[in-house]
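Enquirer: what shape does this take:
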Amino acid sequence: MPVKFFNEDYSYQLKSKKILKLWIDKAIHEEGYQQGDINFIFTSDKYLLDINKKYLNHNYYTDIVTFNYCINSTINGDIFISIETVKNNSKRFGVNMIEELHRVIIHGILHLIGFDDQNDTQKALMREKENYYLDRLKNLF
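Expert: Residues are numbered from 1 along each chain as shown. Predicted coordinates:
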């Protein structure tokens, strides 16, 4: 059951795919789940805005939209990421673009696992989990 990376209307060359796939798999297993089919689709702001409007009735830009197709304890889904917004957010937050992209990637995985970020308590837990798994990723490099 693979993790795959695609580009849709935006060209982005992801580095260290094997390490990222291993990291994602380890995170999923550590949370007590099995990895299924997970697709990461890198897009432009406009493309992701169109998805946000069409499927979620949200008329705003975002860095990520996650579609959950999980079956029981097997994690499946499509994770759309706007590379343009990730770049802008990395500048806004004063972090490296790759680090911000890794945060968004694990954020999407955590959504598939069942974590949410609708209120302050959920956001704090999500950020804690993101930081934990980002630290784990550093150990793989």
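Enquirer: going forward, measure contacts and count neighbours with C-alpha atoms only.
Expert: Fine.
Enquirer: and stretch 7-26, how far out from the chain's middle?
Expert: Stretch 7-26 has its average C-alpha position 10 Å from the chain's average C-alpha position, going by Cα atoms, centre = their mean, to the nearest Å.
Enquirer: got it, and stretch 39-57?
Expert: That offset, for stretch 39-57, works out to 13 Å (Cα atoms, centre = their mean).
Enquirer: packing partners for the strand or helix carrying Y133?
Expert: In this structure, Y133 sits in helix 120-140 according to DSSP states H and E. Judged by 3 or more Cα pairs under 8 Å, 6 or more residues apart in numbering; DSSP states H and E, the packing partners of helix 120-140 are helix 17-30, helix 97-113.
Enquirer: what pLDDT, on average, does stretch 97-104 get?
Expert: Rounded to a whole number, the mean pLDDT of stretch 97-104 is 97.
Enquirer: which residues sit against that stretch?
Expert: D63, I64, I81, I83, V86, K87, N89, S90, K91, E130, N131, L134 (Cα atoms under 8 Å, 6 or more residues apart in numbering).
Enquirer: can you tell me the closest non-neighbouring residue to the third one?
Expert: If you skip the residues right next to it in sequence, I81 has I64 as its closest partner in space, 4.5 Å away by Cα to Cα, 6 or more residues apart in numbering.
Enquirer: I'm done for today, thanks for sticking with me.
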